[in-house]
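Novice: sequence and computational prediction follow.
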Amino acid sequence: GEPGAVPACPPGTTLVASVDVEWTKNYRVANGNIPFCYSVVWLAVPSSGTPMNLGEAPFSWTSAYVENPAETQDLIASAEDALTRIVDHAGLITGHQLCSDLAVLAHAADRPPRAVAGLRTSWHQRRLPECARPLIIDTRYDTGHLLAGASRRLVDVCGELQLDVTQPELRGTSM
């Protein structure tokens, strides 16, 4: 897909949007993390909760990267546009460490991104009975009822759920 594209939502389905933001980590400076990439994956799932074979499910995705740090604000603006469409069209928004991804976008932005701020507020209020839709799930913090293991690292969560995940960076000594 392209950054602004929203896939079709056939009758009887709900659109799920999974969001990921990658950033340079700067632990020495408060709010010093800088985003350099974001990705969105869309999937239409049965609204009824009927199990489906994800191996055959159509999906769409988009990723945007910066070539140099001067493009960071353009990346944040593009992510803001994508998140606005996600809020308007998705019935479920998810991501691993989604709350951190949104915080990094918010703190790195020159101008406060409204969709990012709204999603952050929605995530913080997600457990309230009057929680607004769409539903927001951060798979690091909101899936404890599905997992037995203590670790919430993405590679460990995927392993526990028997999902094949490859992290080449774990093969070396950098992590």
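Specialist: That came through fine.

Novice: quick one: residues contacting the residue most central in space within the chain.
Specialist: Taking CA atoms, centre = their mean, the centroid of the chain lies closest to V19, which sits 2.0 Å from it. By CB atoms under 8 Å, 6 or more residues apart in numbering, the contact list for V19 reads Y38, S39, V40, L83, I86, I93, T94, G95, L98, D101. To be clear about C-beta, it is placed using only N, CA and C from the backbone, and glycine gets the same treatment.

Novice: now, which of the residues you listed sits nearest E130?
Specialist: I93 (17.9 Å; CB to CB).

Novice: residues in contact with the closest one?
Specialist: With CB under 8 Å, 6+ apart, I93 has these contacts: V16, A17, S18, V19, I86, V87, L119, P134, L135, I136, I137.

Novice: mind listing which of these are in strands?
Specialist: Of the contacts of I93, the ones assigned to strands by DSSP state E are V16, A17, S18, V19, L135, I136, I137.

Novice: separation between the fourth one and P129?
Specialist: Right, V19. V19 sits 25 Å away from P129 when distances are taken as CB to CB, to the nearest Å.

Novice: equivalent analysis for the third one, please.
Specialist: Note on S18: its distance to P129, by CB to CB, is 26 Å.

Novice: what do you get for the first one?
Specialist: From V16 across to P129, the span is 23 Å (CB to CB).

Novice: and what of the second one?
Specialist: Distance, A17 to P129, by CB to CB: 24 Å.

Novice: who has more neighbours out of these two?
Specialist: A17 (23 against 4; other CB atoms under 10 Å).

Novice: correct me, but that one touches V87?
Specialist: No: A17 is beyond contact range of V87, at 9.1 Å (criterion: CB atoms under 8 Å).

Novice: tell me what the longest helix that the chain contains is packed against?
Specialist: Longest helix in the chain, counting residues (DSSP state H): helix 72-89. Packed against helix 72-89 by the contact rule (3 or more CB pairs under 8 Å, 6 or more residues apart in numbering; DSSP states H and E) you find strand 13-24, strand 34-46, strand 59-65, helix 98-108, helix 114-124.

Novice: quick one: strands adjacent to the first one?
Specialist: Based on DSSP bridges, the pairing partners of strand 13-24 within the sheet are strand 34-46 (antiparallel), strand 92-95 (parallel).

Novice: ditto for the third one
Specialist: Strand 59-65 has its sheet partners listed here by DSSP bridges as strand 34-46 (antiparallel).

Novice: buried set for the partner strand?
Specialist: Applying a neighbour-count criterion of 16 or more other CB atoms under 10 Å, one finds I34, P35, F36, Y38, S39, V40, V41, W42, L43, A44, V45 buried in strand 34-46.

Novice: the inter-axis angle of it versus helix 72-89?
Specialist: Here the directions of strand 34-46 and helix 72-89 differ by 20 degrees (axes from the mean of the first three to the mean of the last three CA atoms, to 10 degrees).
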